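*Asks:* predicted model follows, preceded by the sequence.
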Amino acid sequence: MSTVEAPPKTPPSPRHTTPGKRVWAFVRNTWRGLTSMRTALVLLFLLALAALPGALLPQRKLNAPKVAEYIAAHGWWGTLLDKLEFYDVYSSIWFSAIYLLLMISLIGCLTPRSFEYVKAMRAKPVLTPRNLARMPHYRLGRRDADTTADVAAELAAVHKQLSGWRRVEREEADGVRTISAERGFLRETGNLVFHFSMLGLIVFFALGKLYGYEGQVIVQANGDSFCNAGIYNYDSFNAGLRVDGTDLDPFCVKVNDFTARYTESGQPDYYHSNIEYQSGPDLETGTWRPYGLEVNSPLRTVGDRVYLLGHGYSPKFTVTFPDGSQRTQNTQWRTVDPTTMLAEGATKFDQPGITDEVQRRTRQLAITGLFAPTAFLHGSVLTSSAPEAKDPAVAVDVLRGDLGLDAGRGQSVFEVDQTLVDDGRLKKVARENLKAGQEIKLDDGTRVRFDGVGQWVSLQVSHDPTQGFVLGFAIAMFLGLGASLLVKRRRLWVRVKPGTEGDPGTVIEVAGLARTDQAGYGEEFQRVSERLISGQKG
């Protein structure tokens, strides 16, 4: 009687699976791929690659005018980079996406590894192999009956020699005893510490961006002061998402002077500013504490850091109006050539004593042009030959009319509104090159004198409540990486066979196996096995 075998069952084709199963399979495979160590390494590489534009290109939060100049100089290419957020790298969508995916990948990768690590730590060392002679490292020794005690004494000596190893003792047939020992779990510990520290670094770096802030301010280096009382005191302020600027750490800084040294080629070599500061109880008592502020030596107070970023010049002008009243200002001018410290700017005056608003807006003055700390005339064009203020001079245009100060719109302190010049509401009435002490006399009798120059410093105040955590995790990353690279996983087995009537000597077998790279373990095995067989103290 013949039988007919049933055809083997075949798995259902994708066409016959339900949509829910297909979605679940897609989600499961995506999660497995995202949480693999390979994906984490790729995302880490992408994060480092994505950070390169932030180091190579000007960033809008740090220097918005420089970004505008870069875009104007590179045409469509500069505009394309702006649309792709290459001037706001660290707040861009694509950088944040890589950052978030890396954090999720690390969490998904480390969670199961942590459970496996705990399970391995709690597990006993593996059983002693039946044939130890097949191990990469093997040694056989015999102890004479008259020089040794029983097996228990031998095992006690072995335990003493293997102090510091994870070990377990087991019993085999015929009174044979074995010891299985392991060492080097610190390697996996270091691996986990490295990756968890990286995760902590990412998390606290993100928290720092949420609760931190940075602000830049220009302060005249003639005793002027700045107080961290609100964002209105800053020239620019970059706040974290959870910072509204109403609860800043209170402190004040007074800038007394500024000293700069330059190399022969005009490169800055040394910046130093003698400042005084108040914070905490000093604000109530009025106590000022001195500090020498340098580029790489920030002031640290009440959780904030005050950095010295740079400096510039403030030409000083005195305007004597026809009625004899005088006004003096030394407004900071913007450096346009860092090598020679050539600067441009605008110093604005409002004539006193005029109560009629319409007439007052026709009598406002603006002194614009170039300032050269070490004047050099290239034909009739003023330029600077050195960054030090050895022979200061200005090339100025004096404008009169409506400066737009009452328009209700903010305007740059370094320039006038060009639309007012184009509309004819602001007209040029004089142009001259002046050295210190020289003056211009306008058509209505007003005199404009260039008195000399002062200096200003650019300060940055940074607040990052997570800085200590970031430093701690960075150090932990370094230590974890060192442990994972330097520590070796290795195993050791010892089998002690008791003597018999025909052969009363005790036989000791020692075998070793490196779980990772075997380099260096051979020498260690020879030392350990020699002590175990000879019974010498370690």
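*Replies:* That came in fine, so what should we check first? Numbering: from 1, shown residues only.

*Asks:* what's the neighbour count on residue 298?
*Replies:* The number of residues packed near residue 298 is 18, by other CB atoms under 10 Å. The C-beta positions use only the backbone N, C-alpha and C, and glycine is treated the same way.

*Asks:* tell me which residues form a beta bridge with residue 427?
*Replies:* In this entry, residue 427 is beta-bridged to residue 400, by DSSP bridges.

*Asks:* the one 4 residues further on too?
*Replies:* Residues in a beta bridge with residue 431, per DSSP bridges, are residue 397.

*Asks:* show me the contacts for it.
*Replies:* By CB atoms under 8 Å, 6 or more residues apart in numbering, the residues touching residue 431 are 395, 396, 397, 398.

*Asks:* isn't the third one up against residue 426?
*Replies:* No: taking CB atoms under 8 Å as the definition, residue 397 is not a contact partner of residue 426, at 10.6 Å.

*Asks:* out of those two, which sits in the more crowded spot?
*Replies:* residue 426 (22 against 17).

*Asks:* that one against residue 403, yeah?
*Replies:* Yes: Residue 426 is in contact with residue 403 according to CB under 8 Å; the separation is 6.7 Å.

*Asks:* what sits in contact with each of the two?
*Replies:* Both residue 426 and residue 403 are in contact with 366, 416, 417, 420, where contact means CB under 8 Å, 6+ apart.

*Asks:* who's in contact with the first one?
*Replies:* For residue 366, the contacting residues are 346, 347, 348, 349, 398, 399, 400, 403, 416, 426, by CB under 8 Å, 6+ apart.

*Asks:* low-confidence regions, the stretch 1-150 of the chain specifically.
*Replies:* Counting by pLDDT under 70, the stretch 1-150 of the chain has low-confidence residues at 1-17, 144-150.

*Asks:* likewise the stretch 351-500 of the chain?
*Replies:* Along the stretch 351-500 of the chain, the model assigns pLDDT under 70 to residues 407-408, 410, 500.

*Asks:* list only buried entries from the shared contacts of residue 426 and residue 403.
*Replies:* Applying 16 or more other CB atoms under 10 Å to those, the neighbour count classes 366, 416, 417, 420 as buried.

*Asks:* how about stretch 58-65: buried residues?
*Replies:* 58, 59, 60, 62.

*Asks:* list just the nearest of those residues to residue 30.
*Replies:* For the buried residues of stretch 58-65, the minimum distance to residue 30 (CB to CB) is 33.4 Å, reached by residue 59.

*Asks:* tell me the contacts of the closest one?
*Replies:* Residue 59 touches 67, 87, 88, 89, 90, counting by CB under 8 Å, 6+ apart.

*Asks:* now do residue 325
*Replies:* Contact analysis of residue 325 by CB under 8 Å, 6+ apart lists 352, 353.

*Asks:* likewise for residue 186?
*Replies:* 483, 487.

*Asks:* on that earlier part again, tabulate the buried ones among the shared contacts of residue 426 and residue 403 in a markdown table, adding columns for distance to residue 385 and secondary structure.
*Replies:* Below are these laid out as a markdown table (distance: CB to CB, whole Å; DSSP: H, G, I helix; E, B strand; the rest coil):
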| residue | distance to residue 385 | secondary structure |
| --- | --- | --- |
| 366 | 27 | strand |
| 416 | 28 | coil |
| 417 | 32 | coil |
| 420 | 34 | helix |
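
*Asks:* nearest to residue 111, of the residues you listed?
*Replies:* The shortest approach to residue 111 among those belongs to residue 417, at 59.0 Å (CB to CB).

*Asks:* surely that closest one meets residue 404?
*Replies:* Yes: assessed by CB under 8 Å, residue 417 is found in contact with residue 404 at 4.9 Å.

*Asks:* so what sits against both of the two?
*Replies:* Residues touching both residue 417 and residue 404 by CB under 8 Å, 6+ apart: residue 411.

*Asks:* how about the secondary structure of the spatially most central residue of the chain?
*Replies:* For the chain, the residue nearest the mean C-alpha position is residue 205 (8.0 Å; CA atoms, centre = their mean). What DSSP: H, G, I helix; E, B strand; the rest coil gives for residue 205 is helix.

*Asks:* and of the shared contacts of residue 426 and residue 403, the nearest to residue 29?
*Replies:* Closest approach between these and residue 29, by CB to CB: residue 417, at 60.0 Å.

*Asks:* please report how far the closest one lies from residue 155.
*Replies:* For residue 417, the distance to residue 155 equals 93 Å [CB to CB, to the nearest Å].

*Asks:* ok, residue 75 next?
*Replies:* On the measure of CB to CB, residue 75 and residue 155 end up 82 Å apart.

*Asks:* and these two? which has more neighbours close in?
*Replies:* residue 155 (16 against 9).

*Asks:* over the helix or strand harbouring residue 274, what's the mean pLDDT, rounded is fine.
*Replies:* Taking DSSP states H and E as the definition, one finds residue 274 inside strand 268-279. In this model, strand 268-279 has an average pLDDT of 94.

*Asks:* tell me the strands beside that strand, with direction?
*Replies:* Partners of strand 268-279 in its sheet, by DSSP bridges: strand 251-255 (antiparallel), strand 259-262 (antiparallel), strand 289-294 (antiparallel).

*Asks:* for it, buried residues please.
*Replies:* Buried residues in strand 268-279 (16+ other CB under 10 Å): 268, 271, 273, 275, 276, 277, 278, 279.

*Asks:* stretch 506-523 too?
*Replies:* Neighbour-count burial for stretch 506-523 [16+ other CB under 10 Å]: 506, 508, 509, 510, 511, 512, 513, 514, 515, 521.

*Asks:* residue ranges for the strands of the stretch 251-400 of the chain, please.
*Replies:* 251-255, 259-262, 268-279, 289-294, 299-301, 304-320, 326-330, 334-337, 342-349, 364-372, 375-378, 381-384, 393-401 (DSSP state E, counting those that start in this stretch).

*Asks:* hang on, the earlier thing: want to throw the buried residues of stretch 58-65 into a markdown table with secondary structure and distance to residue 106?
*Replies:* Putting these into a markdown table (DSSP: H, G, I helix; E, B strand; the rest coil; distance: CB to CB, whole Å) gives the following:
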| residue | secondary structure | distance to residue 106 |
| --- | --- | --- |
| 58 | coil | 31 |
| 59 | coil | 27 |
| 60 | coil | 30 |
| 62 | coil | 29 |
